[in-house]
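Trainee: I need the structure of the sequence given here:
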Amino acid sequence: MNDNSRLHTALVLLVAAALIASAIAPFDRMTWVMEVLPVVLVAPVLWFSRRRFPLTNLLYVLIAVHALVLIGGGTWTYARVPIGNWVQEVFALSRNPYDKLGHLLQGFVPALATRELLIRHRIVVGHAFIVGLLSVCVAMAISAIYELIEWAAAVALGQNADDFLGTQGDQWDTQSDMLMALIGSTLAMLLLARWHDRAIRRLSIPR
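Mentor: Numbers count the residues shown, from 1 in each chain. Got it, this is the predicted structure:
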């Protein structure tokens, strides 16, 4: 087993262990199902595609981090995650900010994944700004779709969707969620582009 395989296996085991632990006694079972569903759907795809089309280790690690954040939100609901409560108390915030971390990553990780696909499939060549712009746009589209899903859940479930929505009484929660996704996707392009380029080049080196 090479270093990449060990990393992939470790990430899968970590996420699987967190998922199993979270399923034992979540605060609200329906909220848990809705929050961890993306993890359950995406993880098998990534595992079975890892040989035919392996992603960069950078992206795999970030996806795993995002999965753990989603699992945490599903376990306690976003308004009750303990570390968020601690941050709220320390900084005297009006609400638990854990869901904003989730939406930051909702922009950060999909933007980097989009960037990798655009570059490796040579959809855009030689135009770094266009690659970055398209990556941010795709991340924002995903964020908008997620907010529409939340709206549909609110219509279908009524008050029972409160824990899934995690608005905590904020009438501008949808807008601030999308702002966090915009910030996350933009930060991913500004902070990780060079690191990401090196990781992509390493994938093309014969082993």
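Trainee: which is the next helix or strand following the helix or strand bottoming out on mean pLDDT in the chain?
Mentor: The weakest-scoring helix or strand in the chain, judged by mean pLDDT, DSSP states H and E, is helix 162-165 (a mean of 54). Remark: after helix 162-165, the chain's next helix or strand is helix 173-203, criterion DSSP states H and E.
Trainee: Arg202: neighbour count?
Mentor: Residues near Arg202, counting by other CB atoms under 10 Å, number 13. Just so you know, the C-beta spots here come from the backbone N, C-alpha and C atoms, and that holds for glycine as well.
Trainee: that one and Ala21, how far apart?
Mentor: 33 Å (CB to CB, to the nearest Å).
Trainee: so where's this protein uncertain?
Mentor: For the chain, the stretches flagged by pLDDT under 70 are 1, 157-171, 204-207.
Trainee: please, where are all the helices along it?
Mentor: For the chain, the helices defined by DSSP state H cover 3-24, 29-48, 57-76, 82-90, 98-120, 128-157, 162-165, 173-203.
Trainee: which parts of stretch 7-21 are buried?
Mentor: His8, Leu11, Val12, Val15, Ala18, Leu19 (16 or more other CB atoms under 10 Å).
Trainee: ok, and the closest non-adjacent residue to the last one?
Mentor: It refers to Leu19. Ile71 (5.7 Å; CB to CB, 6 or more residues apart in numbering).
Trainee: all good on my end, thank you.
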